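Engineer: coordinates only, sequence not included:
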């Protein structure tokens, strides 16, 4: 049994917008074992970034954690003091943001920014550590003297990852680190993250809207829709037999470069307004498989073979009756 | 005699491409004084786009794709070479009337739908303004009507409601559709779409690609579709051009290029596309290079440092495009022609 690194239970995040608070993350459970790669996928506005920020306890007003717990090595991050959190960030877990262009300080050299991070912690760090982590991600240590604008997009993103590795944390949380990159740079960054993970043994939570990107890299996959987990399981199992109609739609949304050319439709419509979610299943207005019970009953996560799916088609009390009729 | 002449003229213009570029070159000055250098963004590019054709231009960031779009849009002046629009050289478009009508015929759609619409105006503003500028024959109610028509043509219904919204009230995909509506308002012949879907969610991209294919048949426009994602290029484009460090390294019918890539760079691009249906190819993934900044180049293939097949000749002689198959060209010393195809 591998070590339990992170245990998220019933995590709920609300944005206080006056009359209708928006529940952006709705009772989410998530387990991460040491050394595991967990992919979180969903469309813009499904709450995947909010979930990450909640896990790292980085939310600011009007967002607020209104329920649940985030246990990291058994300690609850939700109730932890800010001082304790500050000492844990970077050392035990670090966050790589979406756009390295904005996440790095443009008027400080890369090396100076590494020093800032080191000085914020009491840890004793070898003077060569910044050069060492840069070499790990495949950047010449000469770039410690460079400013962010002198690096290409791919290199900036690599430098961010190098910074996240300074103290060799147990968990790295990545929020779409590849979305500003082109396909080639994206691919080589993914391969590099995976290699580093094998070498150093940290766990990764990787958020993306591009399901195909994590297909070869993640161990487990969480599909989110409208603030809820709609499917959860081993990556291969989800890709081979998507149980939820939404995961199926996501999988069919992008063209392939191999095989016959088929017309695609994508998923019609857009994600619901979370201030006023549709009744019953939140995906039913866009679902090609919706039936009469969908707007009436709110589905739970049901076990379907190796995966869990939030779809009434898989509800033990409803599905058999449907198959007969 | 005269009738014959007219007929000959008609057939010629039907076969003639909408736009054609010959030896298109654009250099930028970088640095000052003693460190002044020339950045070769686009070098000796030949391309043509036919009527109702969708041509994809693919390559990595920094390969010069957007520079080509800006040259074709008339934003940059070429350093060398010439662009021919419907047979007329663009350098002869001197009068405001000529330039205006060219800009109306060849509009651009930008990459980022979040910054390309003015947040202070309703989304109909851009459409109405370009109608006023490019189609002065319309009266105000006619403009409103035409604006509603183009907004509906890009799949935003009901147009009457959408028109009066502000950009923040629309999703990214809807905003990008407004971008296409603005371009359509001019009755264009060719739309230059510079990475129109790369900022959007994967699940929304396909809708916009379908929209491009629909507009081609319903409005009779051609597209230059610039992208770094070959899979989406395959989905919509008739022809594919692969660009690397300012050169077009391979071009041909999309299926031919993808089924039988000639240039090693095309192989690399193909290997980078994530495809959950395919097994993981670890070999290609090892590449961590980036396209070079082409500053004061010396002769030789610009891909040679990343190329697994490079031979001595690649270091001394720049490869020129060679015909290696039916309408299929590649600029590579090593590439073999199709079996049975005589160059």
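Structural biologist: It's in. As the structure is a computational prediction, the values presented were derived from the model and not from experiment.
Engineer: is it true that residue A:93 touches residue A:168?
Structural biologist: No: if you go by C-beta atoms under 8 Å, residue A:93 and residue A:168 don't touch, sitting 11.3 Å apart. Placement of C-beta: from N, CA and C, glycine included.
Engineer: quick one, which of the two is more surrounded?
Structural biologist: Counted by other C-beta atoms under 10 Å in any protein chain shown, residue A:93 and residue A:168 do not tie: residue A:93 has more neighbours, with 26 against 14.
Engineer: For residue A:153, which residues are in contact?
Structural biologist: With contact taken as C-beta atoms under 8 Å, 6 or more residues apart in numbering or on different chains, residue A:153 is in contact with A:100, A:101, A:180, A:181, A:185, B:61.
Engineer: let's see it at 10 Å
Structural biologist: Residues near residue A:153 by C-beta atoms under 10 Å, 6 or more residues apart in numbering or on different chains: A:99, A:100, A:101, A:178, A:180, A:181, A:182, A:185, B:61, B:62, B:290.
Engineer: Low-confidence bits of chain A, can you list those?
Structural biologist: Scanning chain A for pLDDT under 70 picks out the ranges A:1-2, A:100, A:318-325.
Engineer: buried stuff in stretch B:329-336?
Structural biologist: B:329, B:330, B:331, B:332, B:333, B:334, B:335 (16 or more other C-beta atoms under 10 Å in any protein chain shown).
Engineer: nearest to residue B:184, of these?
Structural biologist: Closest approach between the buried residues of stretch B:329-336 and residue B:184, by C-beta to C-beta: residue B:329, at 32.2 Å.
Engineer: Wasn't the closest one part of a strand?
Structural biologist: Yes: per DSSP: H, G, I helix; E, B strand; the rest coil, residue B:329 lies within a strand segment.
Engineer: Could you double-check that it sits in contact with residue B:253?
Structural biologist: No: using C-beta atoms under 10 Å, residue B:329 is not in contact with residue B:253, being 11.1 Å away.
Engineer: Per-residue pLDDT of residue B:68, please?
Structural biologist: Per-residue pLDDT puts residue B:68 at 94.
Engineer: now residue B:127
Structural biologist: Each residue has a pLDDT score; the one for residue B:127 is 92.
Engineer: Surely it and residue B:152 touch.
Structural biologist: No: counting by C-beta under 10 Å, residue B:127 does not reach residue B:152; the two are 11.6 Å apart.
Engineer: related to what we said a few turns ago, now do the shared contacts for residue A:93 and residue A:168.
Structural biologist: In contact with both residue A:93 and residue A:168: residue A:202, using C-beta under 10 Å, 6+ apart.
Engineer: more crowded one of residue B:127 and residue B:152?
Structural biologist: Between residue B:127 and residue B:152, counted using other C-beta under 10 Å, residue B:127 has the larger neighbour count: 25 against 16.
Engineer: What strand or helix carries that one?
Structural biologist: helix B:124-134 (DSSP states H and E).
Engineer: hey, where'd the helices end up in the stretch 1-150 of chain B?
Structural biologist: Taking DSSP state H, counting those that start in this stretch as the criterion, the stretch 1-150 of chain B carries its helices at B:2-15, B:65-73, B:96-105, B:124-134, B:140-153.
Engineer: just those: most buried one?
Structural biologist: The highest average neighbour count among the helices of the stretch 1-150 of chain B, using mean count of other C-beta atoms under 10 Å in any protein chain shown, belongs to helix B:65-73 at a mean of 22.
Engineer: and that one, what does it pack onto?
Structural biologist: In terms of contacts (3 or more C-beta pairs under 10 Å, 6 or more residues apart in numbering or on different chains; DSSP states H and E), helix B:65-73 is packed against strand B:19-30, strand B:37-49, strand B:54-58, strand B:80-85, strand B:108-109, strand B:190-194, strand B:222-227, strand B:239-244.
Engineer: related to what we said a few turns ago, who touches both of residue B:127 and residue B:152?
Structural biologist: Taking C-beta under 10 Å, 6+ apart as the contact criterion, the common neighbours of residue B:127 and residue B:152 are B:163, B:181.
Engineer: Now the residue most central in space within chain B: closest residue in space that isn't a chain neighbour?
Structural biologist: Most central in chain B under C-alpha atoms, centre = their mean is residue B:224, positioned 3.3 Å from the mean C-alpha point. Excluding the flanking residues, the one nearest residue B:224 by C-beta to C-beta, 6 or more residues apart in numbering or on different chains is residue B:192, at 5.0 Å.
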